[in-house]
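Trainee: Next comes the sequence, and after it the predicted model I'd like to discuss.
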Protein chains: 2
Amino acid sequence: MKAAGVSIGEVVRRTGLSVHTLRMYEREGLLIGEVRRDDQGRRVYTAWDIEWLGNCVKFRASGMPLATIRQLAQLVREGTGNEAQRLELLREHRRRVTEQIAQLHDCLALVDSKVAAYEQHLAAGGAGDPWQPPAQAPATTPRPDTDDRQTIKQ
Amino acid sequence: MKAAGVSIGEVVRRTGLSVHTLRMYEREGLLIGEVRRDDQGRRVYTAWDIEWLGNCVKFRASGMPLATIRQLAQLVREGTGNEAQRLELLREHRRRVTEQIAQLHDCLALVDSKVAAYEQHLAAGGAGDPWQPPAQAPATTPRPDTDDRQTIKQ
DNA sequence: CTAGATGCTAGACGAAGGTCTAGGTCAAAC
DNA sequence: GTTTGACCTAGACCTTCGTCTAGCATCTAG
């Protein structure tokens, strides 16, 4: 059979990571082991390496720090016996991801409301200002009566 | 009426940003204008400032760079006339946010599949290994037959 | 009177995650 | 034979965002 391995350039094409980043990831221990080399000392990635890198890309895209990927790689590298830890790590990341999704939806709601407001504003030929500071603070009498912030100080 | 303004400490409590960050944002031009000061030179935030900061927090949480927030602030600061630009900027961010949400769902699918696999694995008392490198590359004969990567080289 | 909050400015520091340079090997193409 | 393209290592560099320090002012409470 052929396809015993793939060059770094090919991995760049398949993962979207740069050569620099690929080498960096390896140096930083994000891969399960060192990548094998051919007789010229060039990296030869297995299909499994590539699959793993694909996962890394998704993890990164979802905000998992390199350090965490490193931990996970470490666990997988150590082999059978720590599955519970891996599971915990994954669950933890899952929490963060869902949290992020919630925040993004929150932001989306804001953006949508503003977009709608501006569309309406423009359609109406510029009537009403969707996002204007109130009266643009006349710069005179900027004396805010110190008493307000006292009310909150517990 | 009272509540003419709010101290920086109060804004910290309300926005979740730190004092440092608040001052930094102002220095960096992310606010619509300079924040007004009381007779002691302390910052006095209006309700509108706080609302704006709340938006900034959401923008940041959704990955908008400070530079973009600065741009938007700039547009709003300039006042009526550039609504179309603001709209474009918001739409652009909207695109990014939905893109991010999609990526997160993608990652979520991955994590869920792994989590399910590990749960099953653990429930089965350790049968099957959900995420193991294949045969762990015996370190002998790491000669991958140079011919594969040739096949791709266009 | 003095301690403790709370604020202020200016500027240094730091983590994360990439990205790029310099200098070199090797093999295939011209 | 030399040029070109893909790789290699080691290490410097950069950007983005925040945080922290130093040194000082002011107000309020004990």
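Mentor: Nice, thanks for sending it over.
Trainee: What is the longest helix of chain A by residue count?
Mentor: Ranked by residue count, the top helix of chain A under DSSP state H comes out as helix A:83-123.
Trainee: That one and chain B, any residue contact?
Mentor: Yes. Using CB under 8 Å from any CB of the partner chain, we find that helix A:83-123 touches chain B at A:83-84, A:86-87, A:90-91, A:93-94, A:97-98, A:100-101, A:103-108, A:110-112, A:114-115, A:118-119, A:121-122. C-beta here means a position set from N, CA and C on the backbone, and glycine is covered the same way.
Trainee: Then stretch A:10-25?
Mentor: Yes. Using CB under 8 Å from any CB, stretch A:10-25 reaches chain B at A:10, A:13.
Trainee: Could the C-alpha coordinates of that stretch be exported in PDB?
Mentor: Below are the C-alpha coordinates for stretch A:10-25, written out as PDB (Å, rounded to 0.1, in the frame of the first residue of the first chain):
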ATOM      1  CA  GLU A  10       0.500  18.900   2.200                       C
ATOM      2  CA  VAL A  11      -0.500  19.200   5.800                       C
ATOM      3  CA  VAL A  12      -0.500  22.900   5.400                       C
ATOM      4  CA  ARG A  13      -3.000  22.500   2.600                       C
ATOM      5  CA  ARG A  14      -5.200  20.100   4.500                       C
ATOM      6  CA  THR A  15      -5.300  21.800   7.800                       C
ATOM      7  CA  GLY A  16      -5.000  25.500   7.000                       C
ATOM      8  CA  LEU A  17      -2.200  25.900   9.500                       C
ATOM      9  CA  SER A  18       1.100  27.400   8.400                       C
ATOM     10  CA  VAL A  19       4.400  25.500   8.300                       C
ATOM     11  CA  HIS A  20       5.600  27.700  11.100                       C
ATOM     12  CA  THR A  21       2.600  27.000  13.200                       C
ATOM     13  CA  LEU A  22       2.800  23.300  12.500                       C
ATOM     14  CA  ARG A  23       6.400  23.200  13.700                       C
ATOM     15  CA  MET A  24       5.600  25.300  16.600                       C
ATOM     16  CA  TYR A  25       2.700  23.000  17.700                       C
END
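Trainee: Not counting its own residues, what contacts it?
Mentor: Applying CB atoms under 8 Å, 6 or more residues apart in numbering or on different chains, the external contacts of stretch A:10-25 come out as A:6, A:8-9, A:31, A:43, A:45, A:49-50, A:53-54, A:56-57, A:66, B:149, B:152.
Trainee: same thing with stretch A:80-91?
Mentor: With CB under 8 Å, 6+ apart as the contact definition, stretch A:80-91 has outside contacts at A:68, A:71-72, A:75-76, B:111, B:114-115, B:118-119, B:121-122, B:126, B:129-132.
Trainee: Distance-wise, check the nearest residue to residue A:112 once chain neighbours are set aside relative to residue B:111.
Mentor: Computed as CB to CB, 6 or more residues apart in numbering or on different chains, the closest residue to residue A:112 that is not its neighbour in sequence is residue B:94, at 7.1 Å. The span separating residue B:94 from residue B:111 equals 26 Å under the rule CB to CB, to the nearest Å.
Trainee: Ok, residue A:38 next?
Mentor: Separation of residue A:38 from residue B:111 (CB to CB): 34 Å.
Trainee: and the two? which has more neighbours close in?
Mentor: When neighbours are counted by other CB atoms under 10 Å in any protein chain shown, residue B:111 comes out ahead of the other of residue A:38 and residue B:111, with 25 against 17.
Trainee: tell me which element the residue positioned nearest the centre of chain A is part of?
Mentor: Per CA atoms, centre = their mean, the C-alpha nearest to the average position across chain A is that of residue A:63, at 2.9 Å. Using DSSP states H and E, residue A:63 falls within no helix or strand.
Trainee: That one touches residue A:99, doesn't it?
Mentor: No. Shown here, residue A:63 and residue A:99 do not form a contact pair, counting by CB atoms under 8 Å, at 9.8 Å.
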